[in-house]
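>>> model the structure of this input:
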Amino acid sequence: MRRSRTAAAVVITVAATAVVAACGNGGGTAPPAARSTVPTAPTTPHRLSVTSSAYAEGGTVPRRFTCDGDDVSPPLALGAVPEHTASLAFVLHDPDAPHGTFTHWLAWDIAPGTTRLLTGERPPGATQGRNGFGRTGYGGPCPPHGDRPHRYVLTVYATDRAPRLAPDATEADLLRALSGHTLATGTLTGRYGRR
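Coordinates of the predicted model:
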């Protein structure tokens, strides 16, 4: 009886040692298959500041800058543009348009040192694309009468190269050209509705 208890104790001890070794790999590093494959967090993108003296973030776009007014671009101020920026680009769109996102302004090849634009000023050096109205340049907010106020999102991109695009490029063309070349972005969102 004493022999079978001793043999059983040896078997249990050997089995326990094997389990510990298998689970902890003897206290060493985990085998390749068991190593963590959690990716490291991507680098946080640099943020530009985009503001306007005409309206605050989330505020109402004044009538002057819409199709009901002078239909001119608002004054803008840009800050925190990365040092090695080769070009800036603007996209203004309405994500609340009834038939999908509507483009109000496309501009690229904007001089990287641009920090301010006056009311209605064409961005320095810019090529302006065709907006959803079929015109080149800025086309102000113009939602259908009776809709709740739409959002108008201006996104500014700082890029490491000037995109090579035809003047009739679309928003999709511009975003494709900026893919992999964007150093920083910033947005300014305004709202506008018509009764």
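
>>> quick check: next helix or strand after the helix-or-strand element of the chain with minimal mean pLDDT?
Taking mean pLDDT, DSSP states H and E as the measure, the chain has helix 2-24 as its least confident helix or strand, at a mean of 40. As assigned by DSSP states H and E, the chain's next helix or strand after helix 2-24 is strand 46-47.

>>> near residue 135, how many other residues are there?
11 (other CB atoms under 10 Å). All C-beta spots, glycine's among them, are computed from the backbone N, C-alpha and C.

>>> do the same with the one 3 residues further on
Counted with other CB under 10 Å, the burial measure for residue 138 works out to 22 neighbours.

>>> with residue 183 instead?
Neighbour count for residue 183, taken as other CB under 10 Å: 18.

>>> can you give me the buried ones in the strand or helix carrying it?
Using DSSP H and E, residue 183 maps to strand 182-192. Residues 183-186, 188-192 are the ones in strand 182-192 that count as buried (16 or more other CB atoms under 10 Å).

>>> so which of these comes closest to residue 51?
Of all the buried residues of strand 182-192, residue 51 sits closest to residue 188, with 6.5 Å by CB to CB.

>>> on that earlier part again, quick one: the strand holding residue 183 to chain centroid distance?
Its chain's average C-alpha position is 8 Å from that of strand 182-192, according to CA atoms, centre = their mean, to the nearest Å.
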